[in-house]
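I would like the atomic coordinates for the input below:
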Amino acid sequence: MTSTRARRLHSSPWQGVLYVTGGGAELLSEILATEGASRTVLEASVPYSERSLTELLGGSPDQACSATTARAMAMTAFQRARTLGASQPFGFASTASLATDRAKRGSHRVHIAIQTADSTLQSRFELTGSRTAQEAELVEIAWRAINQGLGLEATLGSPLQTVTATAAWRELVLGNFVKTVTGEHDGKLLFPGSFNPLHDGHQNMMVVAETKLGLSGAFELSIENPDKPLLDYFEIRERLAQFRHPVWLTRLSTFTQKAQNFPNATFIVGVDTLIRIADAKYYGGVSERDKQVAQMIDQGTRFLVFGRTIDDAYRSIADFDLPQGLLQLCEEVTEQEFRLDISSTDLRPGRTFSPF
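Numbering: from 1, shown residues only. Down below sits the predicted model:
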């Protein structure tokens, strides 16, 4: 089998990883069956089951067939391509809900995403007809996206929405530096989080912290979290757009890294976060945890800790057995000073793993 469009891809300098689920096997077959595939395809797989997709992404997605999930898959593929040594890496992903013999929630559709160092690209299409017809349409849509996203061929219309990285975002994703700031800030009072989404609780905590400590605060948004794909450029743009305060955009996934890069800083945290900082399993054992807490002490790190509702009860520092070294870094905001029972998770759409 040979394919003109696949030969064009294989003749380009692009090298990538492809993940498809819910349909798209015909696309992989066409790409892999055309001579030269080994020059382009570093890896390809079909994470079809819930468990497989969850392991790929480092957690269960809110919805399997969605733009967010397709972009996360594409970013995972891009990171994998870089790990495998691609000189000009790309990640391709598609997630589809096609006609089957089972009842489905929502329309038959496909979400496609492409990740490169410079851009995140996404597309959504409704599909009609039989399963065979939908598979054929998916392949055609995917090729239009690949041609446009990788600049292989002029494409009529614009099937892809694109966010192009700023120079700073690109360098963060490539790992060439670890922090940049929007606005001006001295890095002495920081509120780390994913802010997906930012809500009134976050905003009010910042006001309380600034008033209590007499410092000017900034939020800190890390594009990297342990065992998860990096935030793509759509996510970075959308999350940054929420803030009125300065924001440090970083690639600092642990508080040890944050402490090293922001010496003498106070970090605003909920008590639930403080519990995770104290949990030895994240360090590989008690000894390594205590060593890293000692490093935070040496860096002049402080934590301003807010109570949280956990298991339907308000919890504060006193409710937990925390290591003494960590406790000495903490100052607490009392329930009387601040309490607002709200979370970003509650504000996101209901988490459902929709069938493909």
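
what about the helices in the stretch 51-200 of the chain?
Under the criterion DSSP state H, counting those that start in this stretch, helices of the stretch 51-200 of the chain are mapped to 67-83, 131-149, 167-173, 200-213.

return the most buried member of those helices.
Highest mean neighbour count of those: helix 67-83, a mean of 24 (counted as mean count of other C-beta atoms under 10 Å). C-beta coordinates here come from the backbone N, C-alpha and C atoms, glycine included.

pull the residues that contact that one.
Helix 67-83 is contacted by residues 15-19, 21, 42-43, 47, 53, 56-57, 61-63, 89-95, 111-117, 120, 122, 124, 229-232, 234-235 when judged by C-beta atoms under 8 Å, 6 or more residues apart in numbering.

just the buried residues of those.
Neighbour counting by 16 or more other C-beta atoms under 10 Å classes 15-19, 21, 42, 47, 53, 56-57, 61-63, 89-95, 111-116, 120, 122, 124, 229-232, 234-235 among those as buried.

out of these, name the ones that lie in strands.
15-19, 21, 42, 89-95, 111-115, 120, 122, 124 (DSSP state E).

low-confidence ranges in the stretch 101-250 of the chain?
101-106, 155-159 (pLDDT under 70).

if you set the cut-off to 90 instead, what comes out?
101-108, 128-132, 153-160, 226-227 (pLDDT under 90).

so what's the nearest residue to residue 86 once chain neighbours are set aside up against?
Nearest residue to residue 86 in three dimensions, chain neighbours excluded: residue 15, at 3.8 Å (C-beta to C-beta, 6 or more residues apart in numbering). By C-beta under 8 Å, 6+ apart, the contact set of residue 15 is 39, 40, 41, 42, 81, 84, 86, 87, 88, 89, 90.

and what of residue 57?
69, 72, 73, 76, 228, 229.

and which of these is nearest to residue 261?
residue 228 (20.0 Å; C-beta to C-beta).

and the closest one, how many neighbours?
Counted by other C-beta atoms under 10 Å, the residues lying close to residue 228 total 15.

let me know the pLDDT of the nearest residue to it once chain neighbours are set aside.
Distance criterion C-beta to C-beta, 6+ apart; nearest residue to residue 228, sequence neighbours excluded, is residue 58 at 3.9 Å. The score at residue 58 is 94. That number is its pLDDT.

so residue 125 versus residue 247, what's the distance?
According to C-beta to C-beta, to the nearest Å, residue 125 stands 34 Å off from residue 247.

between the two, who's got more neighbours?
Neighbours were counted for residue 125 and for residue 247 using other C-beta under 10 Å; residue 247 has more, 22 against 18.

for that one, give the beta-bridge partners.
Listed by DSSP bridges, the beta-bridge partners for residue 247 are residue 182, residue 219.

any chance of the helices of the stretch 51-200 of the chain in JSON lines, with distance to residue 34 too?
Shown next, in JSON lines, are these (distance: least, C-beta to C-beta, whole Å):
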{"stretch": "helix 67-83", "distance to residue 34": "19"}
{"stretch": "helix 131-149", "distance to residue 34": "12"}
{"stretch": "helix 167-173", "distance to residue 34": "30"}
{"stretch": "helix 200-213", "distance to residue 34": "50"}
